[in-house]
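Asker: give me a model of this one.
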Amino acid sequence: MSRSFTYTDMLAYFGVTIAHPGGRRMTEKAINMLPISSGTRVAELGCGLGDTARWLASEKEAIVYGIDTHPLMIAKARQRHQEDFDSKKLHFLHTDASSIPFPDYAMDGIIAESVLSFTDVHAVLKECRRMLRPGGFFASLDLIADPDFPPENKKEYGSFYGMKNVLTKKEWVTLLENYGFTVKHILEERPGGTGADDSIPELVLSGDIPVECYELMEEHVYRLEKFQSWTGYGYFICKYEKD
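Answerer: Here you go, the predicted structure:
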């Protein structure tokens, strides 16, 4: 059945501040393993409402460029972090992750939280490789599918969320290494597992949320429970050395 709204539209209308698996706790754990200090230039792909980008700018004093293809996400990010945006400490760009208007080797690091599963992953990884300076880092948080995830269930799962890539841990590592990224660490968890952050995120609601978005939210909760035994997530922390 075709829909007028996507899963990403639903997140934007509800203004889900931290939509990626693992939540803020997983993000902070991964970021604290990265070489980020004052003045480090970081691009965050799929920044959503900008909370991770804001944390990087305020706590790590990094120069951060939040990038998202959804116009409502970017509008809410700029409004939510207006003071930092106005003072040029934090930047938000409405553009596609496969075509970013930055020069070659412009970034010290790139972070992508729940992004690669939804994109033309080859185009995005090529763009990341182009933008990263030699020795820079790439950190990607994404769904990890169990090897025994039944194909018909995997297809249903990917179709609902609009995922183009539902990969196992081994497949993610192989893909990243094929683009010149050396996987240094993998922080891996399962929904509902020990230490998992299952807290309810803050919402920045739009004034007029379409009824279909409420239906999508209900279906989302249903599928999280239905497919939990076959899915986990991992933060892949990589280093890039130019070929």
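Asker: Phe5 against Glu212, yeah?
Answerer: Yes. At 4.9 Å, Phe5 counts as touching Glu212 under the criterion of C-beta atoms under 8 Å. No exception for glycine: its C-beta is placed from N, CA and C like everyone else's.
Asker: tell me where the chain has helices.
Answerer: 7-14, 23-31, 51-59, 71-80, 82-86, 121-131, 151-161, 169-178, 211-226 (DSSP state H).
Asker: closest one to Ile200 among those?
Answerer: Closest to Ile200 of the helices of the chain, according to C-beta to C-beta: helix 23-31, at 9.6 Å.
Asker: what angle do the closest one and helix 51-59 make?
Answerer: 50 degrees (axes from the mean of the first three to the mean of the last three C-alpha atoms, to 10 degrees).
Asker: for helix 23-31, buried residues please.
Answerer: By neighbour count on 16 or more other C-beta atoms under 10 Å, the buried set for helix 23-31 is 23-24, 26-27, 30-31.
Asker: how far does that helix sit from its chain's centre?
Answerer: Helix 23-31 sits 12 Å away from the centroid of its parent chain (C-alpha atoms, centre = their mean, to the nearest Å).
Asker: again with stretch 15-31
Answerer: Centroid separation for stretch 15-31 versus its chain: 9 Å, with C-alpha atoms, centre = their mean.
Asker: confidence score at the residue nearest to Ile74 when sequence neighbours are not counted?
Answerer: In space, and not counting its chain neighbours, Ile74 is closest to His94: 4.4 Å by C-beta to C-beta, 6 or more residues apart in numbering. According to the prediction, His94 has pLDDT 97.
Asker: any idea how far His94 lies from Ala75?
Answerer: According to C-beta to C-beta, to the nearest Å, His94 and Ala75 sit 8 Å apart.
Asker: again, but for Gly23
Answerer: Distance from Gly23 to Ala75, by C-beta to C-beta: 23 Å.
Asker: Cys47 now?
Answerer: Using C-beta to C-beta, Cys47 is found at 12 Å from Ala75.
Asker: neighbour count winner among the two?
Answerer: With neighbours defined as other C-beta atoms under 10 Å, Cys47 and Ala75 compare such that Cys47 has more, 28 against 16.
Asker: tell me who's in contact with the residue nearest to that one when sequence neighbours are not counted.
Answerer: Nearest residue to Cys47, sequence neighbours excluded (C-beta to C-beta, 6+ apart): Gly66, at 3.2 Å. By C-beta atoms under 8 Å, 6 or more residues apart in numbering, the contact set of Gly66 is 44, 47, 50, 53, 74, 77, 90-93.
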